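Undergrad: okay, sequence plus prediction incoming.
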Amino acid sequence: IDVRDDNLEMFYASLAPLNSQGGNDLFVAWRTSATTPWSLANAANMGKYINTTGNEDDPTITADGLELYWASPARPEGGSGTASIYRVTRPSTSSAWSTIVTYVKELDSTFQDHSPSISPDGLSMIFSSTRVGTGSDLYMATRPGIGTSFSVPVPVKELNSVGGWDHNGQWSGDGFSYYYTQNATNDIWRADRILPMCLFSAN
């Protein structure tokens, strides 16, 4: 689950049968104010251009609501039938999403690349990957501006456990904290940073 910065749109994955494309689909819910309750009456399947007959999961949206990322093992562009990360854009929050889905190739490997979380400014991506072969570790990539490619992902060594699954992360609204699940300890952890590119603690 991820919510747009103004709290008016929520993006989530579900097996709900509503206009199902098959498997786990991405859905969007909307409301008119941040204090209005969410409602299934104001929720919709995101449709065939984003969803496939397989599983879509882990949606994450930039604070401005114009870029949506998620993980899927089912799209033909991805690496070797494993989970890969994809992106779709729109020109404004009142516009429809593009029908063109982009495979974020620079983040991909031939292993499971999942749980993407984009920072509010859209310049840092943390995701989880099994590419080392000992559980699933957190990796971070950055880019100089919106619309540019991400750098080569590097492991966030100070946060990764040994042999466990470090995944399902979420940035805080100000971009200075990152929360994630560490299955080695079955705990939720928080990492803080004092500079836009420097994660420095977990507690």
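TA: Okay, I see it.
Undergrad: Ser95 and Ala16, how far apart?
TA: Noted for Ser95: a distance of 25 Å to Ala16, by C-beta to C-beta, to the nearest Å. In this view, the C-beta of every residue, glycine as well, is placed from N, C-alpha and C.
Undergrad: compare the two and say which is more crowded by neighbours.
TA: Taking neighbours as other C-beta atoms under 10 Å, Ser95 and Ala16 compare with Ala16 leading, 14 against 10.
Undergrad: how about the contacts made by that one?
TA: Asp25, Phe27, Asn45 (C-beta atoms under 8 Å, 6 or more residues apart in numbering).
Undergrad: rerun at 7 Å
TA: By C-beta atoms under 7 Å, 6 or more residues apart in numbering, Ala16 lies in contact with Phe27.
Undergrad: any idea how far Asp166 is from it?
TA: Ala16 is 28 Å from Asp166, by C-beta to C-beta.
Undergrad: near Tyr179, how many other residues are there?
TA: Tyr179, neighbours per other C-beta under 10 Å, totals 14.
Undergrad: where's it, which helix or strand?
TA: For Tyr179, the element it lies in under DSSP states H and E is strand 177-182.
Undergrad: can you give me how far that strand is from the chain middle?
TA: 13 Å (C-alpha atoms, centre = their mean, to the nearest Å).
Undergrad: go on, stretch 162-174?
TA: How far stretch 162-174 lies from its chain's middle: 11 Å, per C-alpha atoms, centre = their mean.
Undergrad: contacts for it next, please.
TA: 5, 114-115, 117, 119-120, 126, 128, 134-138, 159-160, 178-184.
Undergrad: for the chain, just list every one of the helices.
TA: With DSSP state H as the definition, the chain shows no helices.
Undergrad: which intervals of it have sub-threshold pLDDT?
TA: 78-81, 193-203 (pLDDT under 70).
Undergrad: pretty sure Trp189 sits against Ser177.
TA: No - look at Trp189 against Ser177 with C-beta atoms under 7 Å: they stay out of range, at 10.5 Å.
Undergrad: burial of Ser20, as a residue count?
TA: 14.
Undergrad: nearest spatial neighbour of it, chain-adjacent residues omitted?
TA: Of all residues not flanking Ser20 in the chain, Asn45 sits nearest, at 6.9 Å (C-beta to C-beta, 6 or more residues apart in numbering).
Undergrad: for that neighbour, list each beta-bridge partner.
TA: Beta bridges link Asn45 to Phe27, judged by DSSP bridges.
Undergrad: let me see the contact set for it.
TA: Counting by C-beta under 7 Å, 6+ apart, Asn45 has contacts Leu18, Asn19, Ser20, Asp25, Phe27, Asn51.
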